[in-house]
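> Fold the following.
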Amino acid sequence: MPTFYEFFAGGGMARAGLGPEWTCLFANDFDEKKASSYIENWGDDDLWVGDVAQVDTNKLPSQADLAWASFPCQDLSLAGSGAGLIGARSGAFWAFWRHIAQLRSEGRGPATVVLENVCGLITSHGGQDFSAIISALSGGGYRCGAVVIDAVYFVPQSRPRLFVIGVRDDLFIDAESQSDGPDGKWHPQSLIKAQSQLSEDCIANWIWWNFPTPNHRNIGLVDLIQDEPVGVNWHTSAETKRLLSMMNATNREKIRAAKSTGKRMVGTIYKRTRADGPGGTKVQRAEVRFDNVAGCLRTPGGGSSRQTIVIVEGNSVHSRLLSTREAARLMGLPDEYILPKKYNDAYHLAGDGLAVPVVRFLAKNILEPVLSAGGKGIVKAA
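Numbers count the residues shown, from 1 in each chain. Got it, this is the predicted structure:
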């Protein structure tokens, strides 16, 4: 069975995606609330709660086949501070990487490394942050490449995320896992440009990872909505009316069109600050979508960060907050997954987490083929 370390573990969504055929050797997170959820679902045998910088590599058992790190995105996201990898939160990557470098110096560097973050990492500081990460992996003895995978291929949520995948340079990578050049499905123009700006050594160690086309997703948002949601109340008619009044003409037309279908239509609403016309005053607007896909879940920093469900049936319009179980379903978590009892804690866990089917897809098509041969799952290069 392949083994892994899960840094910045949150509620263990990487663990959920890897599945029962993988064995966790060590997990770490500094957030006590997330750690409580991790323990509820996975137990506390492998978890160490505390600052990643304080992790003692002597407590990292054995030699893992994978080190997974979904390091904080706050300084890299479009809504963040813009501090990048020198920021107090996203800069935690460097503490993680020091541990990997230490393991390499001890002769027990993980066979593979996966970093997950927002797509803003690609362009942060003009691409310098992305270049710094690739330089760290390449200089540390890993051949690597990056892909952008949108969770919408697997769950009805628009959620593109960047994955940097590194393979130790003494391991074999089969031809099916790599391609001669970028594929627009996994490598957007921003990533292609960022790769072209890397150093010659990094480009020499770069891999254009290759994935098969995902199977057609057979579930939509409407399939995940609870008829009797737990922990949220339906808005009053006055609250729904106020929400509709916050829409511009384009979004009001979407509501009108939904009414005209005569069907039960389920949509989602986010509140966003928009300019009221060219050069106008910024106002809060409610924006709705009825494409059977939810917007990207966020952490609940404020009321506008929480997604609202709107259900239209004929001339009837009802609204409420997305329930925490619905949020978990949008991340691909099974209903057996135990969520925190408080709404904001559960919503934060989901919004700050990993889409579970994306992890499984990545493991099946890249990690497991690399780790497929031999007792420890490591294939030596010829």
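> where in this structure is pLDDT low?
73-90, 301-304, 373-382 (pLDDT under 70).
> Contacts for the longest strand along it next, please.
The longest strand of the chain (DSSP state E) is strand 264-275. The list of residues contacting strand 264-275 from outside it, by Cβ atoms under 8 Å, 6 or more residues apart in numbering, reads 221-222, 225, 243, 246, 248, 254, 258, 281-290, 292, 294-295, 303-304, 307-313, 319, 322. In this view, the C-beta of every residue, glycine as well, is placed from N, C-alpha and C.
> is Leu115 in a bridge, and if so with what?
Ala69, Val164 (DSSP bridges).
> Can you give me the distance of it to Trp22?
Going from Leu115 to Trp22 by Cβ to Cβ, to the nearest Å gives 18 Å.
> What of Gly145?
Taking Cβ to Cβ, one finds Gly145 at 22 Å from Trp22.
> do Thr112 as well
12 Å.
> Please parse this protein into its domains.
3-217+351-370, 233-322 (automatic domain parsing).
> next one: the longest one to chain centre, how far?
If I follow you right, that is domain 3-217+351-370. 10 Å (Cα atoms, centre = their mean, to the nearest Å).
> What count of nearby residues applies to Ser70?
Using other Cβ atoms under 10 Å, Ser70 has 23 neighbouring residues.
> Looks like it contacts Val359 (just checking).
No: using Cβ atoms under 8 Å as the test, Ser70 is too far from Val359 to be in contact (9.7 Å).
> all strands of the stretch 101-250 of the chain, in order?
112-117, 142-150, 160-168, 178-179, 208-209 (DSSP state E, counting those that start in this stretch).
> hey, which of those is tucked in deepest?
The highest mean neighbour count among the strands of the stretch 101-250 of the chain, using mean count of other Cβ atoms under 10 Å, belongs to strand 112-117: a mean of 25.
> who touches that one?
Outside strand 112-117, the residues that reach it (Cβ under 8 Å, 6+ apart) are 65-71, 73, 76, 90, 93, 100, 133, 137, 142, 144, 161-168, 354, 362, 367, 370-371.
> now stretch 336-351
With Cβ under 8 Å, 6+ apart, stretch 336-351 has contacts from 10-11, 16, 33-34, 36-37, 40-41, 231-232, 297-300, 305-306, 321-322, 324-325, 327-328, 330-331, 333.
> Straight-line length of that stretch, end to end?
18 Å (Cα to Cα, to the nearest Å).
> Pull out the buried residues from that stretch.
Buried residues in stretch 336-351, defined by neighbour count with 16 or more other Cβ atoms under 10 Å: Tyr337, Leu339, Pro340, Tyr343, Asp345, Ala346, Tyr347, His348, Leu349, Ala350, Gly351.
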